[in-house]
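Chemist: Here's my sequence, what's the structure:
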Amino acid sequence: MTEIRYFFYVLAARAASSVIGGAFGWLIGRVSPEFVRILFDADKSADMTRLAIAVGLINGLLIGVGVMLVTIFLVTMLKVAGVKKTTQQRILPRAGD
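Modeler: Reported below is the predicted structural model:
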């Protein structure tokens, strides 16, 4: 059950980072469309706000995937460490036991 809960946490974090990336892209596109035009070498007919939102969403998804991979790696390492610890406790009981 813990794995499913972590999966949904990571999925929510990925979706949130996508929304935050899109909002940041929208803000940059609204405040400085010239920056977006220069950055992506877009023509004058392109809507800079929409372009910035799309790039922000993609960057947010990529950041979310990175966070997801690190989280899964850490949870796996904690599980492995817990299994090793319980195995050692069963094999080598304490001196007072």
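Chemist: make it CA atoms for all contacts and neighbour counts henceforth
Modeler: Fine.
Chemist: where does the chain have low pLDDT?
Modeler: 1, 87-97 (pLDDT under 70).
Chemist: Quick test: name the residue nearest the centre of it.
Modeler: Among the residues of the chain, the one closest to the centroid is residue 64, at 1.9 Å (CA atoms, centre = their mean).
Chemist: In contact with it, which residues?
Modeler: 10, 13, 14, 15, 17, 18 (CA atoms under 8 Å, 6 or more residues apart in numbering).
Chemist: Kindly recompute the last result at 6 Å.
Modeler: Residue 64 is in contact with 14, 17, counting by CA atoms under 6 Å, 6 or more residues apart in numbering.
Chemist: Can you report how many residues neighbour residue 77?
Modeler: Residue 77: 12 surrounding residues under other CA atoms under 10 Å.
Chemist: circling back to that earlier point, and the residue nearest to the centre of the chain, how far from residue 33?
Modeler: Applying CA to CA, to the nearest Å, the value for residue 64 to residue 33 is 26 Å.
Chemist: Which helix in this protein has the most residues?
Modeler: Secondary structure of the chain read by DSSP state H shows that its longest helix is helix 48-91.
Chemist: Not counting stretch 28-35 itself, show me its contacts.
Modeler: 48, 49, 52.
Chemist: Show me which positions of that stretch end up buried.
Modeler: Residues of stretch 28-35 classed as buried under the neighbour-count rule (16 or more other CA atoms under 10 Å) are 28, 29, 33.
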